[in-house]
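Asks: I'd like to go over a predicted model; first the sequence, then the structure.
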Amino acid sequence: CCLPSTMGNIDSRSQFQHGHIFLQTDHSYAIAGENMTGNIYLELGQPFPAVSLDIIIKGEERCRWTERKTRTVRDHEGKSKTETYYVHHSGGREVIHQRFTIFVFQNQAAMPGQYTFPFNISIPYGCPSSAFFTGTESAVASIKYSIKAVLQPHVSIRIQEMQFKQSLIIREKAPIIQQDLFANAEMEINSCC
């Protein structure tokens, strides 16, 4: 289950009162519909009232753009004129929010030491690829994912959870082409002269 490890250089985002936590995936990206592997590194200087060690994957689509429109209005003298105005649009939706329990602490306590928790989780099929687009008129569209390792404390104890969060790049699985790439075609050529 867990193996002693050496943590090396510590990222300041991973430092907490009880120790350090860090997550590292084996590859720089994940493919939707396939497994992702890696390790969670945990170093504790004192006991931590932990229930579980979890991974949380979140993803969301976001967009915003500004639409330029015109309208005809009348001034105080009754003359009509055309004026320009802007309509701002934005939206977003959650693509994924999934929790994976990597390890459950039987005695609801993680003891001091250095540990490595390997993980192998499945990225759901159908997650769209990570993307970022900027266009004219302040248009922005993105699909962003994050992966977070969380050492979850017992709910009855008021203590901050230990967590490490980083960006995650997800790619869609490449489509399988069912067509023969080496097709032959024959045609009769008629000519005069």
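Replies: Good, I have the coordinates.
Asks: Tally up the residues packed near G126, please.
Replies: When neighbours are counted by other Cβ atoms under 10 Å, G126 registers 11. The way it works is simple: take the backbone N, C-alpha and C, and place the C-beta from them, glycine included.
Asks: Which residues are in contact with it?
Replies: With contact taken as Cβ atoms under 8 Å, 6 or more residues apart in numbering, G126 is in contact with A32, G33.
Asks: Name the SS class of it, please.
Replies: At G126, secondary structure determined by DSSP: H, G, I helix; E, B strand; the rest coil is coil.
Asks: Need phi/psi at it.
Replies: Phi and psi for G126, reported as degrees, to the nearest 10, are phi 100, psi -10.
Asks: what about it, distance to D54?
Replies: Here G126 is placed at a distance of 22 Å from D54 (Cβ to Cβ, to the nearest Å).
Asks: The most centrally placed residue in the chain pairs with what?
Replies: Nearest to the mean C-alpha position of the chain, counting by Cα atoms, centre = their mean, stands Y145 at 1.3 Å. Y145 has these beta-bridge partners by DSSP bridges: G59, L168.
Asks: With adjacent residues omitted, what lies nearest to Q17?
Replies: Nearest residue to Q17, sequence neighbours excluded (Cβ to Cβ, 6 or more residues apart in numbering): Q160, at 7.5 Å.
Asks: oh sorry, the question was meant for L42
Replies: Sequence neighbours aside, Y115 is the residue nearest to L42 in space, at 4.6 Å (criterion: Cβ to Cβ, 6+ apart).
Asks: Run through the protein and note the low-pLDDT ranges.
Replies: Within the chain, the segments meeting pLDDT under 70 span 1-15, 137, 180-185, 187, 189-193.
Asks: Can I take it that G33 is in a helix?
Replies: No. Counting by three-state DSSP, G33 is not part of a helix but coil.
Asks: Burial check on F132, number of neighbours?
Replies: 10.
Asks: What separation do you get for it and L168?
Replies: 14 Å.
Asks: With Y125 instead?
Replies: Separation of Y125 from L168 (Cβ to Cβ): 16 Å.
Asks: follow-up on the earlier one: the residue nearest to Q17 touches I21, doesn't it?
Replies: No. Assessed by Cβ atoms under 8 Å, Q160 is found out of contact with I21, at 11.7 Å.
Asks: Right, I'll leave it there.
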